[in-house]
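Visitor: Sequence and predicted structure are below.
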Amino acid sequence: MNRLPAATLLGQNVRRLCEMQGISLDTLAEKLGWPSEAVADLIDSSLEITLDQLDELSAALDVTPHELFAEVTLVENQAQLLRYA
């Protein structure tokens with residue numbers, strides 16, 4: 001199985017979680033106190049963040065840090081959709 005780089009996986013999961021929760025990337029940036037460009041860079045896998053920022057990100061999305069790096073299957077994705085419905 002091919003593994004995605006951590007930065008790519010993080011960006012994909014942040015985008016997916018925002019979509020599931022119905023929040024825009026700008027809203028996420030506001031929750032974090034980050035510039036919108038920083039969140040856009042995170043989604044594009046071009047932003048390096050600290051562990052403290054990772055904790056802030058997981059809190060803002062109401063997930064564990066582990067969930068930000070999980071390779072989500074279709075079944076898991078559908079279960080998460082139900083969680084946020």
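Guide: Arrived safely.
Visitor: Show me what stretch 42-55 is in contact with.
Guide: Residues outside stretch 42-55 that contact it (Cβ atoms under 8 Å, 6 or more residues apart in numbering) are 5, 7-8, 10-11, 14-15, 25, 32, 38, 41, 57, 65, 68. All C-beta atoms are positioned from the backbone trio N, CA, C, and that covers glycine.
Visitor: Name only those of the residues you listed that count as buried.
Guide: 10, 11, 14, 15, 25, 32, 41, 57, 68 (16 or more other Cβ atoms under 10 Å).
Visitor: Can I get the contacts of stretch 42-55 in TSV including distance to residue 51 and secondary structure?
Guide: Shown next, in TSV, are those (distance: Cβ to Cβ, whole Å; DSSP: H, G, I helix; E, B strand; the rest coil):
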residue	distance to residue 51	secondary structure
5	18	coil
7	14	helix
8	19	helix
10	13	helix
11	17	helix
14	16	helix
15	21	helix
25	22	helix
32	15	helix
38	16	helix
41	18	helix
57	10	helix
65	8	helix
68	12	helix
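Visitor: Can you pick out the most distant pair from those residues?
Guide: Farthest apart among the contacts of stretch 42-55 by Cβ to Cβ are 5 and 32. That separation is 22.1 Å.
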